[in-house]
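*Asks:* got a predicted structure here, sequence first:
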Protein chains: 2
Amino acid sequence: MSKVSIIGAHNTAFGSFVKKDKETREVTDLKSIYELINEAGRGALADAGIEAAQVDGIWVGSCSPSLFANQEHLAPNALEVDPMGLRFKPATRCEDACASSSVALYNALYAVESGRCQTALVIGVEKMNLLDTKGVTHALACSSHWASEGAMGMTFPGLFAEYAKGYRDHYKYSDAKLAEMLAAVAALCYRNGLDNPLAHFGKGSPADRLGLSSAAAILGLPEDKNPMIAAPLRLHDCSLVSDGAAGLVITRTDLARKRGKPVVEIAGIGQTTERMAINVRPNMWELMAGKEAARLAFAEAGIIAADIDVAEVHDCFTINQILCTEALGLSADGKAGEDYLAGRFTRDD
Amino acid sequence: MSKVSIIGAHNTAFGSFVKKDKETREVTDLKSIYELINEAGRGALADAGIEAAQVDGIWVGSCSPSLFANQEHLAPNALEVDPMGLRFKPATRCEDACASSSVALYNALYAVESGRCQTALVIGVEKMNLLDTKGVTHALACSSHWASEGAMGMTFPGLFAEYAKGYRDHYKYSDAKLAEMLAAVAALCYRNGLDNPLAHFGKGSPADRLGLSSAAAILGLPEDKNPMIAAPLRLHDCSLVSDGAAGLVITRTDLARKRGKPVVEIAGIGQTTERMAINVRPNMWELMAGKEAARLAFAEAGIIAADIDVAEVHDCFTINQILCTEALGLSADGKAGEDYLAGRFTRDD
């Protein structure tokens, strides 16, 4: 078990923080990547109740800030969270596509475990909405294996569509059944959003106005309200293109406990990597590396999947939430879609 | 002192590994970013004499592979160094502009020190030559503070020109004297290249053919052979746009010593960060964060600058080599340029 605890956390609001003039094509940035970093970092430090000067190192996770916001070399910008307190502190950006901020946390944790840092600030940030759809599509495709995928016209929805087809075919689901399962996942995500004041699609959002809180409602949408993006994935199978940031403060558990405040010890983590190109992956119906990562995390924590009370599962596309749920062992292989459809996963489980 | 040692290392050749058809503008990649990663990783493992399966984690340093080669999410590509041996191993990309690969090494070292890894593979890679000059200029400008610099037309040579002017003005050097000092740095770099079979500009290169092994030779070039890029920096003050990669294998020193092979223990490291935008930096004639990083590294190693026998100094621009030499304490403040001019730093010092 790690000896590292979370003592502060902060999420910004998530949304599309730009104004685009359709006639002039002018894009006004309403909340920049710099502002998002500062807000998340300051919020996390305030939540921890520590001074910036107590931070020994900064890790920033971000997928593709140069393509999305022309800002490579992102980590030093986190010094602006508190220039007097953080100047000269080591700042590292970590990148692993969707897992960029998780990996930033892992590397910060290693530094604390190594004794190099007592206390670290970890910030995850994405500013995706400055680009148009074509630009976003290109940026995301750069996180595929470019030579064999992006360069050939493969898109990110297209990649996950390959998993959706693989899952459907391997477990012998009909197209209609698959669509129902995927819609059940989307509906749960929208319901969770309604209760989250920071969500991109919360109260008053299009999903709220359209009443997309059930699989039936999503399946009942007319074609133009839920068009096919990359068959079999439709619009509502694809996560939003969001701007937002989150911050964490971690420290050694023994120091954390002395503070007399809530301590969340990181019980276990697991990081694994699958080969990039999907044409070299053994199959397209399970996340084999994800299963191995979950095994490692559970082993470190000394628990099993059945001990889990709450899970946050990566939902970039509905099919991925299904695959991740199975990788975590929360559903049997091939059964997560049915479990979502049966309403097995709710906030109050 | 860290308890981590280098047991294997490999550099690829460095150069411009593309063929560009001036008429059709077609660019043929003669050695891809994937090939560079594989070559560096395989070379480092072979040099260490270990199997890939003995590696517990992979860290990849790269500045801007999405802008340069359309490949974000770079780290998993390192599994292809040995897909059977490395599959599922955690792979993290670190990015800190010019320091990306150093920071990858630091984070790998933290993971070894933490006990998370016994042995780590670290790969640094850049593939810069697929783009045209305009594209390279944009990619590098994204490593400036975009909002206040890149977006306003500031280039990377322009940023370092600000340091050159700051150094000249603070230490009251004439333009001619500054030019001499910068040329002395460039000449030393070219001389070192001649003896390095992997160098981009080695034997037979334009620098060799033009005989640029002395400051006098560089200063004597006609204007068109050494044009002003960003005053006072000329063409030969700017490093090449190179493709290449390097790999290291690190492990715990106690394990390294048991192997009965050469062991290079990492005696000390220091990582610090300066605020990004140059308009908030206290001055433009010294690298204050660099001095602090050197102080930390020397303290950890328990040595002083005078104990150093060999130094590799970042030479993206000649002025930066001067500033780094002073930050390391190898020259007194304001004296590195004169020291280079006096021939104080040679391979045989």
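*Replies:* Perfect, I can see it now.

*Asks:* how about the helices in chain A?
*Replies:* Under the criterion DSSP state H, helices of chain A are mapped to A:33-48, A:65-69, A:83-86, A:100-114, A:133-141, A:156-170, A:175-194, A:206-209, A:215-219, A:253-257, A:288-301, A:318-327, A:336-341.

*Asks:* of these, which is nearest B:R347?
*Replies:* Distance to B:R347, taken as C-beta to C-beta, is lowest for helix A:100-114 among those, at 35.1 Å. (C-beta placed from N, C-alpha, C; glycine too.)

*Asks:* now the closest one against helix B:100-114, angle please.
*Replies:* Following axes from the mean of the first three to the mean of the last three C-alpha atoms, to 10 degrees, one obtains 50 degrees for the angle between helix A:100-114 and helix B:100-114.

*Asks:* what about helix A:100-114 and chain B, any contact?
*Replies:* Yes: using C-beta under 8 Å from any C-beta of the partner chain, helix A:100-114 reaches chain B at A:103, A:106-107, A:109-111, A:113-114.

*Asks:* helices or strands up against that helix?
*Replies:* Of the remaining helices and strands, those touching helix A:100-114 by 3 or more C-beta pairs under 8 Å, 6 or more residues apart in numbering or on different chains; DSSP states H and E are strand A:4-11, strand A:57-61, strand A:91-95, strand A:119-126, strand A:244-252, strand B:91-95, helix B:100-114.

*Asks:* show the average pLDDT along that helix.
*Replies:* Taken as a whole, helix A:100-114 has an average pLDDT of 98.

*Asks:* got it, and stretch A:342-349?
*Replies:* Rounded to a whole number, the mean pLDDT of stretch A:342-349 is 83.

*Asks:* just for the stretch 151-300 of chain A, where's the confidence low?
*Replies:* Within the stretch 151-300 of chain A, no stretch has pLDDT under 70.

*Asks:* interface residues of it facing chain B?
*Replies:* Within the stretch 151-300 of chain A, the positions near chain B by C-beta under 8 Å from any C-beta are A:151, A:271-276, A:280, A:288-289, A:292.

*Asks:* please repeat the previous calculation with a cut-off of 6 Å.
*Replies:* Where proximity means C-beta under 6 Å from any C-beta of the partner chain, the interface of the stretch 151-300 of chain A facing chain B comprises A:271-273, A:275-276, A:289, A:292.

*Asks:* what residues are up against A:Y34?
*Replies:* Neighbouring residues of A:Y34 by C-beta atoms under 6 Å, 6 or more residues apart in numbering or on different chains: A:N77.

*Asks:* let's go with 7 Å and repeat that
*Replies:* Under the criterion of C-beta atoms under 7 Å, 6 or more residues apart in numbering or on different chains, the contact partners of A:Y34 comprise A:77, A:80, B:147.

*Asks:* tell me which residues touch the first one, please.
*Replies:* When you say that, I think you mean A:N77. A:N77 is in contact with A:34, A:37, B:276, counting by C-beta under 7 Å, 6+ apart.

*Asks:* can you redo those as a markdown table with distance to A:P222?
*Replies:* Written out in a markdown table, the entries for the contacts of A:N77 read as follows (distance: C-beta to C-beta, whole Å):
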| residue | distance to A:P222 |
| --- | --- |
| A:Y34 | 41 |
| A:I37 | 40 |
| B:M276 | 48 |
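
*Asks:* quickly name whichever of these is closest to A:H10.
*Replies:* Looking at the contacts of A:N77 and their distance to A:H10, the nearest is A:I37, at 11.5 Å (C-beta to C-beta).

*Asks:* per-residue confidence at the closest one?
*Replies:* Value listed for A:I37 in the pLDDT field: 98.

*Asks:* since we're on A:G15, how many residues are nearby?
*Replies:* Per other C-beta atoms under 10 Å in any protein chain shown, the neighbour tally for A:G15 reads 19.

*Asks:* what sits against it?
*Replies:* With contact set as C-beta under 7 Å, 6+ apart, A:G15 has these partners: A:200, A:242-243.

*Asks:* ok, now how distant is it from B:L296?
*Replies:* For A:G15, the distance to B:L296 under the criterion C-beta to C-beta, to the nearest Å works out to 40 Å.

*Asks:* do A:A48 as well
*Replies:* Using C-beta to C-beta, one obtains 25 Å as the distance from A:A48 to B:L296.

*Asks:* more crowded one of the two?
*Replies:* A:A48 (25 against 17).

*Asks:* that one is in contact with A:H10, isn't it?
*Replies:* No: in terms of C-beta atoms under 7 Å, A:A48 does not count as a neighbour of A:H10; the distance is 9.2 Å.

*Asks:* what about the nearest residue to A:D333 once chain neighbours are set aside, neighbour count?
*Replies:* In space, not counting the residues next to it along the chain, A:D333 is nearest to A:E326; the distance is 5.4 Å by C-beta to C-beta, 6 or more residues apart in numbering or on different chains. The number of residues packed near A:E326 is 24, by other C-beta under 10 Å.

*Asks:* do you know how far A:E326 is from chain B?
*Replies:* Distance of A:E326 to chain B, given as C-beta to the nearest C-beta, to the nearest Å: 17 Å.
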